[in-house]
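> Need the 3D shape of this:
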Amino acid sequence: MQLAKEYTNGSVMDTPRLLRTILLFTFAFETIGALLLAIRFVPQFGSYGIWLSIFTSVSAYCNAGFDIMGFTTPYVGLTGYVHDPLVSLTVSALIALGGLGFLVYSDIYLWLQKKRKGIEKHPHLTVHSSVVLRTTLALIVIGTVLFLFLEYNHSLAGMNIFQKIHASLFQSVSARTAGFSTINVADQYDSTKLMT
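Residues are numbered from 1 along each chain as shown. Here you go, the predicted structure:
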């Protein structure tokens, strides 16, 4: 509540509106994620796939990384979807979006409005948003490159270059805060685990 008051310059009147907007963004991202995941999970698991889609979407957006796929095989995580861009890119996007936070979305929205309306000649993002966006991008890129380099001929062996990059990207995004995995962690080198 304190953060909400600070963000709205102490105006208690704006705090409920801010919280409603945050809930709206959260619900929208999680719903879109669940619908995309349902395309894969419902045909595979029937009506139980609806629950899996919703839970995985919420878990990814909240950066929780809970594995409920263990009912098929213990500790399987999302390893069965390592080559499935619909699942892995959806989960990656939800993790990244959830990790950015609403203040960054809000700042980007205001920046785009200023730019579109020409309110400022050269509008800028806040320092907070700039740091969050740059750090997030750097962590994802560096993590992807390092995972690809370390596991290229090990846990990524047998994949083509695009699959290796795709799997490395997922591991990098997830390692930041979420804990999902499309590559079995037990199969990775100790150096990769240390990097993660």
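> helix/strand/coil for Gln171?
Secondary structure, DSSP: H, G, I helix; E, B strand; the rest coil: Gln171 is helix.
> show me what contacts the residue lying closest to it once chain neighbours are set aside?
Excluding the flanking residues, the one nearest Gln171 by CB to CB, 6 or more residues apart in numbering is Phe147, at 4.9 Å. Glycine gets a C-beta too; all of them are placed from N, C-alpha and C. Contact analysis of Phe147 by CB atoms under 8 Å, 6 or more residues apart in numbering lists 168, 171-172, 192, 195-196.
> Report the separation between the two terminal residues of stretch 53-72.
Terminal residues of stretch 53-72 lie 15 Å apart, using CA to CA, to the nearest Å.
> ah, wrong one, I meant stretch 60-71
From its first residue to its last, stretch 60-71 covers 19 Å (CA to CA).
> Moving C-terminal from the helix or strand where Ala34 lies, which element do we reach first?
If you go by DSSP states H and E, Ala34 is part of helix 14-45. Downstream of helix 14-45, the next assigned helix or strand under DSSP H and E is helix 48-61.
> Buried ones in that next one, by neighbour count?
Residues of helix 48-61 classed as buried by neighbour count (16 or more other CB atoms under 10 Å): 49, 52-61.
> Could you dump those residues into TSV with pLDDT and distance to His154 added?
Converted to TSV, these look like this (pLDDT from 0 to 100; distance: CB to CB, whole Å):
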residue	pLDDT	distance to His154
Gly49	96	32
Leu52	96	30
Ser53	97	32
Ile54	97	34
Phe55	95	31
Thr56	95	27
Ser57	96	31
Val58	95	33
Ser59	94	28
Ala60	94	26
Tyr61	95	31
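> re the thing from before, for the contacts of Phe147, pick the one with the most neighbours.
Using other CB atoms under 10 Å as the neighbour criterion, Gln171 leads the contacts of Phe147 with 29 neighbours.
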